[in-house]
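S.K.: Sharing a sequence plus its predicted fold:
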Amino acid sequence: VKSKQFPKQFKWGVTISSYQNEGAYNSHGKGPSIWDTFTHKTSFKKGNGNTATDFYSNYKADIAHVKALNLDCFRFSLSWSRIFPLGVGDVNAEGVKFYHDVIDYALELGIEPWVTLYHWDLPQALQDQGGWTNRNILHWFETYVEFCTKEYGLKVKTWIILNEPMSFVGLGYYMGMHAPGKKGVSNFLPAAHHAALCQSLGGRIVRKNVEKASIGTTFSCSYVRPFNRRVIHKHAAVRVDALLNRFFLEPALGMGYPTDAFAGLNFMSKYMKPGDEELLPFDFDFIGVQYYFKVVAKFSLLPPILFATEVPAEKRDVKINAMNLEIYPKGLYKMLEKFNAYPQIKSIYITESGVCFEDELIDGKVNDKNRINYFKKTFKYTLKAIENNMPIKGYFIWTLVDNFEWAEGIKPRFGIIHNDFSTQKRTIKKSGLWLKRFLSKRNNKI
């Protein structure tokens, strides 16, 4: 695959997030987020994002790398508690200025800034009042989005409302593996419904406040296959697919929750208020697809309601990444096909795609040929989707610099730039140099 085979307007970008990169966790006026609290618990052994990649100090060098690698777009998220230390109320002027500086520097270098409003780091002050399980979050989120869109809307034209709602709700409010570490259906269902409402609410606010905005939201998705051909496993795979791939997408498209495939979602009705059905949909300009791995599902009595479980990748004799998840590039094409089948979706961006290994710096170099192979395959499948008339408009790599990978700590490295966490020294990996050459040959190079 060659970059010049892609359409002229196709956007190549890279994605980072506030908690995973910024550092400066308790300085410059920032309030604590749920991830600060979660990673500071003595039971959490994988480090924290107190310093992370110190993007707060290094943003110019990092954005300069985006430019040097021939990328067009820089997607980053705003830390809610850096702007509103208590979630609502007083605004932190230093935090507001920081994001102006980031946006201005990207624009100065001819890089298009893409803002994600929420990438998992809820202000702790709001979590103290129930966080996503409290319906008041609709008001809190509205206040936050109103402020951000009015503050940055003249300079930023592409806005993403939520990053992977199923991830932060499922892992944070059902499995307890991510911040805020809550468990159980009674936390999961209200948090999920409020996130779905905020997704469309945020879209409406951006539409109102930002002229000529391009508005999207992003979904984690996994290619789901049944363990074998037995009907019991096929049905399990359908339920897992509804949970992982349809749950937040379909309400946004005006289809409601996918209760047809997963009857357990009928419990959502307990949290629906009159008028919610009209509030759930929003006409997004694009949908962001974020694909990393394949899931094999089989019938299981636990957990109840879902009656399905995942067959771990390491038990299936397949290629795995540093998080023990299956590396399956073809799954990206399968997911693009799946999303493209919804007539309501106008265009699709791959807003995150990447692979993690335990990359090592040897003699000043990182030879990550496995990552290059991954990109070659996913770029090939992306091009195939475009050639098959799917409206794929861009590809964003996860991620720029090795960062704090949530509950996994710093061991899995996703970056195209290596980071030495003790010195914050950046070294462009072989994959980054390959990408730079790949993109230098396209026909829309400015």
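M.R.: On my side now, so go ahead.
S.K.: contacts and neighbour counts: CA atoms only from here.
M.R.: Noted.
S.K.: If you count contacts, what does the longest helix that the chain contains end up packed against?
M.R.: As assigned by DSSP state H, the longest helix anywhere in the chain is helix 185-209. For helix 185-209, the packing partners by 3 or more Cα pairs under 8 Å, 6 or more residues apart in numbering; DSSP states H and E come out as helix 137-152, strand 158-163, helix 165-173, strand 214-226, helix 249-252, helix 276-279.
S.K.: mean confidence score for that helix?
M.R.: The average pLDDT for helix 185-209 rounds to 98.
S.K.: tilt between it and strand 214-226?
M.R.: Counting by axes from the mean of the first three to the mean of the last three Cα atoms, to 10 degrees, helix 185-209 points 150 degrees away from the direction of strand 214-226.
S.K.: how many other residues sit next to residue 232?
M.R.: 16 (other Cα atoms under 10 Å).
S.K.: ok, it - contacts?
M.R.: Residue 232 sits next to 298, 299 when contact means Cα atoms under 8 Å, 6 or more residues apart in numbering.
S.K.: How about the contacts made by residue 426?
M.R.: 401, 417, 418, 419, 420.
S.K.: Out of those residues, which sit inside strands?
M.R.: 417, 418, 419, 420 (DSSP state E).
S.K.: Buried ones among those?
M.R.: The neighbour count (16 or more other Cα atoms under 10 Å) marks 417, 418, 419 as buried among those.
S.K.: Is the second one in contact with residue 410, as I believe?
M.R.: No: using Cα atoms under 8 Å, residue 418 is not in contact with residue 410, being 11.4 Å away.
S.K.: Can you work out which residues contact both of those two?
M.R.: Common contacts of residue 418 and residue 410, defined by Cα under 8 Å, 6+ apart, comprise residue 402.
S.K.: Okay, now the unreliable bits of this protein?
M.R.: 443-446 (pLDDT under 70).
S.K.: Break down it into its strands, ranges please.
M.R.: Under DSSP E, the chain gives strands at 11-15, 73-77, 112-118, 158-163, 214-226, 286-299, 308-310, 348-353, 392-398, 417-420, 425-428.
S.K.: can you put the ones you listed in CSV and add distance to residue 93?
M.R.: Listed next are the strands of the chain as CSV, based on distance: least, Cα to Cα, whole Å:
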stretch, distance to residue 93
strand 11-15, 25
strand 73-77, 17
strand 112-118, 18
strand 158-163, 21
strand 214-226, 26
strand 286-299, 31
strand 308-310, 46
strand 348-353, 29
strand 392-398, 30
strand 417-420, 30
strand 425-428, 29
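S.K.: So which of these is nearest residue 384?
M.R.: strand 392-398 (10.1 Å; Cα to Cα).
S.K.: Quick one: work out the angle between the closest one and strand 348-353.
M.R.: Using the same axes, to 10 degrees: strand 392-398 against strand 348-353 is 10 degrees.
S.K.: Counting neighbours, which bits of strand 392-398 end up buried?
M.R.: Neighbour-count burial for strand 392-398 [16+ other Cα under 10 Å]: 392, 393, 394, 395, 396, 397, 398.
S.K.: do stretch 381-394 as well
M.R.: Applying 16+ other Cα under 10 Å to stretch 381-394 flags 381, 382, 383, 385, 386, 390, 391, 392, 393, 394 as buried.
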